[in-house]
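Undergrad: what follows is a predicted protein model with its sequence.
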Amino acid sequence: MSRQLTFSELIRISRPRFWIYLLGPVFLGLATMSSVDASQLLPWPVWLLMLHFSLPANLLLYGINDIFDYETDLRNTKKEGYEMRVTPDQQKKLAGIIIVLQIPILLAFPFYPSITRWLLVGFYLLAVGYSMPPFRFKALPFIDSLSNVLYALPGFIAFSAVGGSQIPWPVIIAATAWCMAMHAFSAVPDIQPDKEAELRTIATRLGRQPTILFCAGLYALSAILVYPFVGMIASIMGIVYASLMFLALRTKTQDELLRVYRWFPTVNTLVGMGLFFAIVLQGR
């Protein structure tokens, strides 16, 4: 008999410390429209987007990952306390809950602009295809990082949902570079368990130090590209991420590396807040 999943377990599977990675871009997308009458930011489809990119979207992304990564997770020390390991008897129940939680946004689909609908489809394709066969982007080095542009899509989705149309190409490239760096660095602590599970990733292909240097370059590129749009916060962002990559390079053990890695949700949240206020102030 399969064991029931408790609500607290569902929250753990959804990685609440990472919710800001999907929900934060939604607020950034809305901030770009700060010069518009605030009443245009309040229609129920926009509120539903914010709700969707909390538990439902995160449980979709990380729950599918945990279902199809069970063998790898058996060897992953991050699953011991820091995250939760989904057992085979829980997988079918989890899949059903994930599907049910997607129903509200799917019912609202016709109420969004055409570009928003296409972006939502793109998000679902990347979120599901990242872990699920036959695509399983996470097992294709470099494509695994590139597919993580899915973390930027909620911002573009929110932007388009409130009437935004043209997104500057430097912003698109900067967001893609930032997402690739975030993914590549998150794969570094998993190099050994991924190798043991014969899972190829950008980190297993490049190795520990080259991957960290690759991330540093991507963060620098992202900061340079967004500087004309947000000013000084871009320079601060570049310095902060460069410093973290330097600390990561100096680590000697897995535990030391994990300590640096665990700073990232906090750092990303603070950087996101800085970007939000920079965008709002420039829109005034």
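TA: Cool, the structure landed. Numbers count the residues shown, from 1 in each chain.
Undergrad: shaky segments in the stretch 151-284 of the chain?
TA: For the stretch 151-284 of the chain, the stretches with pLDDT under 70 are 283-284.
Undergrad: repeat that for 90
TA: 162-168, 189-190, 192-199, 229-231, 252-255, 258, 261-262, 264-265, 277-284 (pLDDT under 90).
Undergrad: leaving out chain neighbours, which residue sits closest to Ala158?
TA: Gly29 (3.2 Å; Cβ to Cβ, 6 or more residues apart in numbering). Bear in mind the C-beta positions are built from the backbone N, C-alpha and C, glycine included.
Undergrad: element containing the one you found, please.
TA: In this assignment (DSSP states H and E), Gly29 forms part of helix 19-31.
Undergrad: and the helix or strand just after that helix, which residues are buried?
TA: Next helix or strand after helix 19-31 toward the C-terminus (DSSP H and E): helix 44-52. Under the neighbour-count criterion of 16 or more other Cβ atoms under 10 Å, helix 44-52 has Pro45, Val46, Leu48, Leu49, His52 buried.
Undergrad: for the stretch 1-150 of the chain, which spans come out with low pLDDT?
TA: Ranges of the stretch 1-150 of the chain meeting pLDDT under 90: 1-6, 9, 17, 30-44, 68-91, 139.
Undergrad: what's the longest helix seen in the chain packed up against?
TA: Counting residues, the longest helix found in the chain (DSSP state H) is helix 208-230. Applying 3 or more Cβ pairs under 8 Å, 6 or more residues apart in numbering; DSSP states H and E, one finds that helix 208-230 contacts helix 169-187, helix 202-206, helix 232-250, helix 264-283.
Undergrad: run through who's touching the last one.
TA: Surrounding helix 264-283, the residues in contact under the criterion Cβ atoms under 8 Å, 6 or more residues apart in numbering are 17-18, 20-21, 24-25, 27-28, 31-35, 182, 185-186, 226, 229-233, 236-237, 240-241, 244.
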